[in-house]
Structure formats: structure tokens, C-alpha cells
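1. Provided below are the primary sequence and the corresponding predicted coordinates.
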Amino acid sequence: MSIHDTYLHLLREWTDALLSLMVSDPAHPSLDGGILCPSCTLIHGRCHEAVYPFLAMADFSGEDRYLEGARKLFAWSETMLCDDGSLYNDSQNPWNGTTVFSALSLYRALRYHGQLLEKEEKALWEERLYRLSLWLLEGITPEKAFNINYIAANASAMARLGRYFNHPEMLRMAKCLADFALEHITGSGLVYGEGSLERNATPRGGCAVDIGYNVEETLPSLWDYTVSEHDGNAMDLVRRAVRAHLNLMLPDGAWDNSFGTRNFKWTYWGSRTADGCQAMLNSLGREDPVFAEAAYRNLLLYRRCTDGLLYGGPHLKRHGELPCAHHAFCHAKVLAQALDEGITEFSRVPLPSDTFRGIRYDPEIGTCTLARGDWIMTMCTGDFPYMKGGHASGGAVTLLWHRFYGPVFAAANTDLSRKEPTNQQLSRKKKALGSLCPRLECAENGTVYAQVYDFSASLVREDFPDRSVVHVRGMLCDPDHRPAPVGYTFHLSYTLSDQCLSVKGRTDTASRLILPVICTAGHEPVRERGSVVFDECLRIRSFPSPEIHGAVFSLAPGFEAVNLCVSPARDGSLDVTISLVD
């Protein structure tokens with residue numbers, strides 16, 4: 001199957017699944033034409049954004065069922081439309097910033113496939129689009145407290161809609177928004193602004209960076225703006241930023257958002273309610289095949305997480321979770337856009353993560369990436385508090401990945417949280433829910449003190465020809481990042497070589513090291529003398545010997561794991577080795 005046909009086949013599967021969920025209830029217009037989510041058992045207010053992929057599939061296939069689906073969705077979207085021209089995110093959620101994504105979806109439906117509509121019908125759609133665009137002109141500006149993804153998306157929307165409606169004020173706003181967003185690219189190429197637009201937003205000079213939102217919304221929007229406005233200088237800045245973010249794509253096509261400020265929505269392939277990277281990477285791939293390679297690997301990961309709808313992580317189906325429709329109707333838009341703008345056919349090339357070896361440190365986020373042999377590891381000391389129970393810090397290993405095993409650790413938020421209830425599905429299997437963060441922790445008087453809550457830990461890096469070493473010193477803290485009353489301290493040394501990850505250190509408390517090990521193939525771990533073997537190929541050995549403490553599952557980033565517990569020796573020392581079975 002060609003790369004183009006792989007995109008088209010996946011788009012058809014998602015749109016077919018979405019069509020099958022469309023409500024038919026003419027007696028109740030607020031229900032009729034909406035898409036009922038099988039997981040959340042509600043109609044997500046943004047489901048009408050599927051008008052674009054439905055209209056695209058109608059054009060690609062010549063099948064009227066997709067056109068009728070688009071018409072019904074457009075009619076249903078009146079349910080979310082407010083008298084000021086904005087759209088509610090959900091019927092019980094007053095957030096209206098997502099109007100920008102609805103407008104862009106409607107614009108692309110009209111731009112690429114408007115000829116499928118009757119003349120009067122097209123005029124009605126354009127009238128709606130103009131109302132949305134007038135709200136966006138005043139509603140999302142640099143002066144208002146929006147995350148950077150909204151600023152960037154509205155730069156794209158104002159550029160496209162300003163040209164569509166020949167509206168000079170919209171074009172001026174587009175440039176204003178784009179210039180503001182481009183100022184939020186760090187020297188290393190990362191985009192900040194997901195939680196705070198301040199450059200030095202934390203006591204340690206850190207800033208708010210979320211890789212999922214950056215690669216699936218902010219950077220694609222900025223790239224679209226540069227293409228619309230033929231802005232060569234902005235193109236160069238965005239291209240450099242996208243290239244920097246490619247360093248955080250794993251060889252299996254996943255995005256490492258283990259340290260992201262909003263990683264409670266991390267889905268391993270991206271972010272739960274964002275749009276996707278495919279159109280941007282294909283566009284960039286016309287000049288450099290590494291971008292097209294990244295797009296294709298990410299697409300193949302979508303494929304592995306799809307059964308009708310796109311699941312929010314690799315293990316959700318295996319765990320018995322139903323797929324949330326939000327993932328499919330958002331990401332279907334970008335597959336349609338990539339197909340409309342042209343899929344890049346290319347010869348396969350390596351990604352940066354295929355060849356990188358050593359240590360890379362990003363001071364803005366206090367994060368280290370280590371790579372040796374077939375191993376990739378991420379460690380975080382970042383201190384941006386997006387929410388209580390947010391990303392792990394304290395020098396914890398937030399990601400450990402092996403080319404043949406896949407993810408060993410993949411930590412999202414430290415504690416279970418539904419920061420955005422209508423945007424996060426809810427598991428009924430409550431007994432298994434827990435954190436996937438590897439961590440030192442102890443409990444005292446009902447309070448948990450853990451390494452991952454420490455926002456003041458120190459991190460020292462050493463790189464040698466045959467290994468990379470990181471030394472971490474810190475204190476166990478409570479979920480509010482306050483140290484334990486008696487000052488529980490720890491120091492750990494992580495050594496990554498071609499053969500293994502070795503963790504050695506000492507703690508002065510009765511703490512324990514918890515290791516949520518992802519079960520790639522789903523087999524029961526096997527206890528051997530002094531070690532535990534996972535899926536017949538991954539060995540974790542420790543002194544004292546590890547104990548198996550039961551299964552754990554997290555919707556972000558969507559993995560089943562088994563908790564191993566290593567208690568320190570009498571002198572407080574720890575010694576753990578993670579390797580493949582000989």
C-alpha cells in the first residue's frame with residue numbers, strides 16, 4: 001500500500017466509525033446529527049468539526065453518505081452556537097476558545113470541497129464561518145489569557161479567513177498573533193506557553209512546555225500561517241522549531257511528552273484533544289524527507305492504536321476501555337488536510353532518535369534525554385506547576401524506552417486527575433488505576449512524600465565514551481511540593497550504557513522505590529532469583545530483591561503496567577539494573 005493510500009485508508013476507517021455513531025433523532029434537534037461517544041456516553045460539542053473530513057471523504061470516494069453526514073453535523077452544530085458568534089466547547093462547558101478550531105475546519109471544508117454543496121447551502125455555511133471569524137477577531141488576541149496553542153491557531157485562522165473574506169483587519173490580526181507566538185520559541189527551538197506565557201515563569205527560570213500541544217496544534221498552526229502569508233522569515237523560525245521537536249519523537253513514532261505541562265492528556269501518539277502533526281510534517285517533507293518520515297511513523301502508530309476509532313493509547317483496548325470519539329474527529333481533520341495538500345512520497349530515512357547518542361539537556365524544562373545503544377531515557381527536574389498532581393519532577397525517570405521492547409516506563413501526571421472532565425474519558429476499572437511514575441516514596445501520618453513532587457532536586461550530568469551518567473539529589477516532598485517535616489533526602493545515580501540502565505543510591509528514610517513496568521505483550525511477570533522478567537525479554541534485578549505489587553493502569557499515556565517495589569537495604573542503599581534477558 002502506498003503512503004497516500006495508508007492515509008486514505010485510515011481516514012476512511014475513522015470517518016466510517018464516526019458515521020456509525022451519528023444520532024438520528026429528528027424530533028430532538030439538539031441530538032439529531034450529533035456523534036455519540038461510546039466511552040464518554042455524551043455528544044462532544046466539538047464533534048461538528050468532522051464536517052471537514054466527512055466532506056473530504058465524500059469528495060475522495062464519491063459516496064453520498066459522507067456528504068449527508070457533513071450536512072447533519074453542520075445542522076447539529078447550531079446547538080453549540082452562541083449569540084456572540086462563538087461556539088461552546090460542550091453543552092455544559094462554557095469554554096469557547098475552541099471556536100478557532102471549528103472555524104478552521106469549516107474553512108477547509110469550504111475551500112477544498114465546497115463545490116459539493118448546493119449554492120444556497122454553501123452561502124449558509126459561509127455566513128456561519130463569517131460569524132465565527134468576527135468573534136475570533138476580537139475574542140482571541142495576544143492580550144487575553146490564552147495558552148499559546150490558541151494564539152497560534154488564531155494566527156492561522158485570521159490569515160486564512162482574512163484572505164477568504166478579503167478582510168484586511170483580520171490579516172493585520174494574523175500577523176500580530178503570529179509575531180507574538182513566534183516570540184515564544186526558546187533558543188533551543190522549544191515552544192513555551194502551555195500554562196504561562198512568561199519566559200521565566202518558575203523559581204528555577206523554567207517555562208511552560210507541552211510537546212503534545214506544540215506538535216499537534218501550535219507548530220502546525222504557525223506553519224499554516226507562514227504558508228498562507230508567504231512569510232519566509234517566519235517559515236525559517238517554525239522550521240527550526242519543528243526540527244528541534246523531532247528530537248522528542250521516539251523511533252516508534254511516539255512523542256515523548258512525559259515531562260509536558262499538560263501531559264495529563266498525553267496519548268503516546270500525541271495529545272487527547274489536539275489535531276495532529278500530519279499536514280505540517282508532510283508539507284515540510286517536500287524539502288527534507290526526515291519530516292515526512294516522522295509523519296509516516298506517527299501515522300503507523302495511529303494505525304496500531306485504531307480499531308474503528310482511534311484509541312487514546314496503545315493498551316486501552318487491551319484493558320477493556322472503549323475508544324473516545326474525540327481522538328478520531330480531531331485527528332481526522334489533519335489526515336484530510338494532508339491528503340488535500342498532498343502526501344509526500346519519499347525514501348525512508350532515519351529520525352534523530354535513531355542516531356542520537358549521549359546526553360541532551362534542555363534547561364528551560366529541566367529535562368535530560370539520554371541515549372545509548374537501543375535505549376532512550378528522559379529525566380525531569382522541571383518546576384512548572386500547571387496543576388496539582390501534574391508532571392513528575394525530582395529527577396525521576398519519566399521515560400525509558402528500548403528499541404526491541406518498547407516503553408519500559410512512561411510517566412504522565414503524578415496523580416490521577418481529570419483537569420478537563422469532558423475532555424478526558426473515565427475508566428470504570430478503578431481498582432487498577434494509578435500512577436505510571438517511577439519514584440521513591442514513603443507515607444507518614446496519611447501523607448505521601450515522594451521524589452516526583454520535589455521541584456528543587458539537583459541534577460549533574462556526566463558523559464563518557466561508553467556510558468552516560470546523571471546524579472540526582474533531592475528530598476521527598478508532599479503533593480504541594482513541600483519537603484517532609486524531618487527532611488527525607490535521597491541521592492541516586494543513573495548510568496545508561498549500551499547494555500542496561502543501572503540505578504544506585506541511598507535514602508535516609510524508610511522509603512521504597514516503586515517501578516511501574518509497562519507490560520508490552522501483556523504476559524504475567526515471572527519472578528526469578530533476585531529479579532523479575534517481563535514478557536520473556538526484560539529483566540529487572542535489584543538488591544534487595546524486587547517485590548511484585550500488582551497491576552496498574554493509566555489512561556495517560558495509555559499503558560498497563562505492573563508495580564515492582566524495591567525496599568532499601570538496612571544501610572539505605574539501593575541497587576537496580578534493567579536490561580534485556582541474555
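-> The structure has been received and is ready for your questions.
2. Q337 contacts A279, doesn't it?
-> Yes. Here Q337 lies in contact with A279, judged by C-beta atoms under 8 Å, at a distance of 4.1 Å. All C-beta spots, glycine's among them, are computed from the backbone N, C-alpha and C.
3. Spell out which residues sit in contact with the closest residue to P546 other than its chain neighbours, please.
-> Spatial nearest neighbour of P546, chain neighbours left out: L564 (4.4 Å); criterion: C-beta to C-beta, 6 or more residues apart in numbering. With contact set as C-beta atoms under 8 Å, 6 or more residues apart in numbering, L564 has these partners: I514, L515, P516, V517, V532, I540, P546, E547, I548, H549.
4. what do you get for D340?
-> The contact partners of D340, by C-beta under 8 Å, 6+ apart, come to A56, R108, Y112.
5. again, but for C380
-> 258-259, 365-368, 391-396, 398.
6. same thing but 10 Å
-> Taking C-beta atoms under 10 Å, 6 or more residues apart in numbering, we find C380 in contact with 258-260, 362, 365-368, 391-399, 411, 437, 452, 457, 459.
7. List phi and psi for it.
-> Note on C380: its backbone torsions stand at phi -130, psi 130 [degrees, to the nearest 10].
8. before we move on, back to that, out of the contacts of C380, which sit inside strands?
-> The strands, defined by DSSP state E, take in D362, T367, C368, A396, V397, T398, L399, L459 from the contacts of C380.
9. Okay, buried residues for stretch 458-470 please.
-> Buried residues in stretch 458-470, counted by 16 or more other C-beta atoms under 10 Å: L459, R467, S468, V469, V470.
10. wait, is the third one part of a strand?
-> The one in question is S468. Yes. S468 sits within a strand when classified using DSSP: H, G, I helix; E, B strand; the rest coil.
11. pLDDT on stretch 376-388, on average?
-> The average pLDDT for stretch 376-388 rounds to 97.
12. what's the distance between it and the middle of its chain?
-> Relative to its parent chain, stretch 376-388 has a centroid offset of 14 Å by C-alpha atoms, centre = their mean, to the nearest Å.
13. coming back round to it: quick check: PyMOL command selecting the buried ones in the contacts of L564.
-> In PyMOL, this line selects whichever of the contacts of L564 come out buried by 16+ other C-beta under 10 Å:
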select buried, resi 514+515+516+517+532+540+546
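14. nearest to W14, of the contacts of L564?
-> Using C-beta to C-beta, P516 comes nearest to W14 of these, at 30.6 Å.
15. how would you label that closest one: helix, strand or coil?
-> Assigned by three-state DSSP, the conformation of P516 is strand.
16. thinking again about what came up before, would CSV of the contacts of D340 with secondary structure, distance to D383 and neighbour count be doable?
-> Compiled in CSV, the contacts of D340 are given as follows (DSSP: H, G, I helix; E, B strand; the rest coil; distance: C-beta to C-beta, whole Å; neighbours: other C-beta atoms under 10 Å):
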residue, secondary structure, distance to D383, neighbour count
A56, helix, 43, 27
R108, helix, 39, 25
Y112, helix, 44, 18
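17. from those residues, which is closest to Y296?
-> Proximity to Y296 was ranked across the contacts of D340 by C-beta to C-beta; first place goes to A56, at 19.6 Å.
18. Look up the closest residue to the closest one, ignoring the ones flanking it.
-> Spatial nearest neighbour of A56, excluding adjacent residues (C-beta to C-beta, 6+ apart): A336 at 3.8 Å.
19. Does the one you found touch R111 like I think?
-> No. Judged on C-beta atoms under 10 Å, A336 makes no contact with R111 at a distance of 11.5 Å.
20. quick check, distance from stretch 422-430 to the centre of its chain.
-> The answer for stretch 422-430 is 17 Å, by C-alpha atoms, centre = their mean.
21. For D32, which three-state class applies?
-> coil.
22. Contacts only, for it.
-> Residues near D32 by C-beta under 10 Å, 6+ apart: M22, V23, S24, D25, P26, K72, A75, W76, T79.
23. Counting neighbours, what do you get for the fifth one?
-> Spelled out, it's P26. 8 (other C-beta atoms under 10 Å).
24. before we move on, back to that, hmm, which of the contacts of C380 are the buried ones?
-> Neighbour-count burial (16+ other C-beta under 10 Å) is assigned, among these, to 258-260, 362, 365-368, 391-399, 411, 437, 452, 457, 459.
25. What does the spatially closest residue to C305 that is not a sequence neighbour show for phi and psi?
-> In space, and not counting its chain neighbours, C305 is closest to Y311: 4.7 Å by C-beta to C-beta, 6+ apart. The phi/psi pair for Y311 (degrees, to the nearest 10) reads phi -80, psi 150.
26. was I right about R65 contacting L55?
-> No. Here R65 does not reach L55: they are 12.0 Å apart, not a contact under C-beta under 10 Å.
27. of those two, who's got more company?
-> Taking neighbours as other C-beta under 10 Å, R65 and L55 compare with L55 leading, 29 against 14.
28. quick revisit: what's the overlap in contacts for Q337 and A279?
-> In contact with both Q337 and A279: R108, P220, D224, using C-beta under 10 Å, 6+ apart.
29. now these as JSON lines including distance to H48?
-> Below are those laid out as JSON lines (distance: C-beta to C-beta, whole Å):
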{"residue": "R108", "distance to H48": "14"}
{"residue": "P220", "distance to H48": "20"}
{"residue": "D224", "distance to H48": "21"}
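30. Any chance of the residues you listed in a markdown table with pLDDT and distance to G406 as columns?
-> Converted to a markdown table, those look like this (pLDDT from 0 to 100; distance: C-beta to C-beta, whole Å):
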| residue | pLDDT | distance to G406 |
| --- | --- | --- |
| R108 | 98 | 35 |
| P220 | 98 | 27 |
| D224 | 98 | 33 |
